[in-house]
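Peer 1: sequence and predicted structure below; questions after.
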Amino acid sequence: MNKNTVIFNHPLISHKIALLRDVNTGTRQFRELVGEIAMLMAYEALKDIETVEKEITTPLETVTQKTVKENSVAIIPILRAGLGMVNGVQSLLPTAKVGHIGLYRDPKTLTPADYYCKLPENIKDMTAVLLDPMLATGGSASEAIGYLKKSGCKKIKLMSIIAAPQGIEKIETDHPDIQLYVACKDGKLNSEGYIVPGLGDAGDRLFGTK
């Protein structure tokens with residue numbers, strides 16, 4: 001496994017993924033769980049973001065404290081399922097810029113096709129946190145990382161809640177320089193390209209469209 005890949009092993013994340021997988025979990029709870037897992041993952045993924053020293057006046061005296069550098073992080077969900085992770089990351093970084101990359105996977109070829117891309121200005125100077133809850137074949141995420149690199153972005157983190165071995169391998173092969181954070185590694189892909197055991201279609205379950 002690539003040294004830049006982190007597979008989480010935390011009881012709180014595992015517990016929430018168990019609830020996420022359950023076929024009886026409704027749309028509202030599913031959406032809340034995705035946000036909570038994203039927040040827990042982001043706490044670890046953002047530990048090396050850029051900081052600056054700032055002078056703070058407390059009720060007793062003045063102290064110099066590290067703070068997150070303004071406009072240093074961009075949150076980039078891959079539409080549409082990545083939207084479900086945005087609030088979780090924004091709860092830690094409420095002023096972070098948010099871009100969007102629209103990709104869909106052709107159901108026959110399983111290859112990604114793009115339909116939208118809007119990134120914050122100066123993305124090349126930011127840490128880009130790419131959000132894709134289901135890393136199946138890895139094709140869409142790899143394509144999105146390619147867009148970020150073409151835009152000049154040099155520091156990229158990909159956060160996925162559930163990943164198949166094929167998706168992890170694809171990212172590690174195509175983009176060994178990026179940091180990959182996975183909440184849970186599952187066993188395989190089925191013939192339709194879905195992660196097994198997985199949790200079904202994350203987008204449909206997030207937005208109640210199925």
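Peer 2: Yep, it's here.
Peer 1: pLDDT weak spots in this protein?
Peer 2: Residue ranges of the chain with pLDDT under 70: 105, 107, 110.
Peer 1: how about the longest helix that it contains: buried residues?
Peer 2: Longest helix of the chain, by residue count under DSSP state H: helix 27-45. Of all the residues in helix 27-45, those buried under the rule 16 or more other Cβ atoms under 10 Å are 30-42, 45. Quick note: C-beta positions are derived from backbone N, CA and C, even for glycine.
Peer 1: one more: stretch 112-122?
Peer 2: Applying a neighbour-count criterion of 16+ other Cβ under 10 Å, one finds 112, 117, 119-120 buried in stretch 112-122.
Peer 1: quick check: L92 is in a helix.
Peer 2: No. Applying DSSP: H, G, I helix; E, B strand; the rest coil, one finds L92 to be coil, outside a helix.
Peer 1: surely it and E44 touch.
Peer 2: No. Counting by Cβ atoms under 8 Å, L92 does not reach E44; the two are 10.9 Å apart.
Peer 1: who does the helix or strand containing Y181 pair up with?
Peer 2: Y181 is located in strand 179-185, with elements delineated by DSSP states H and E. Sheet pairing of strand 179-185 (DSSP bridges) gives strand 5-7 (parallel), strand 155-163 (parallel).
Peer 1: can you tell me which helices and strands the helix or strand just after that strand packs against?
Peer 2: Using DSSP H and E, the helix or strand that directly follows strand 179-185 along the chain is strand 188-189. In terms of contacts (3 or more Cβ pairs under 8 Å, 6 or more residues apart in numbering; DSSP states H and E), strand 188-189 is packed against strand 195-196.
Peer 1: so which elements touch the strand it packs on?
Peer 2: Judged by 3+ Cβ pairs under 8 Å, 6+ apart, the packing partners of strand 195-196 are strand 188-189.
Peer 1: need the contact list for the closest residue to L180 other than its chain neighbours.
Peer 2: Distances taken as Cβ to Cβ, 6 or more residues apart in numbering put T5 closest to L180, at 4.5 Å, once the chain neighbours are dropped. Contact analysis of T5 by Cβ atoms under 8 Å, 6 or more residues apart in numbering lists 168, 171-172, 179-180, 182.
Peer 1: distance of T5 from M85?
Peer 2: 18 Å (Cβ to Cβ, to the nearest Å).
Peer 1: looking at the strands paired with strand 179-185, which is buried most?
Peer 2: When the strands paired with strand 179-185 are scored by mean count of other Cβ atoms under 10 Å, the highest mean neighbour count falls to strand 155-163 (a mean of 26).
Peer 1: could you count how many residues lie near L12?
Peer 2: Neighbour count of L12, defined by other Cβ atoms under 10 Å: 11.
Peer 1: tell me which element it falls in.
Peer 2: In this assignment (DSSP H and E), L12 forms part of helix 11-21.
Peer 1: list the buried residues for that helix?
Peer 2: Applying 16+ other Cβ under 10 Å to helix 11-21 flags 13, 16-17, 19-21 as buried.
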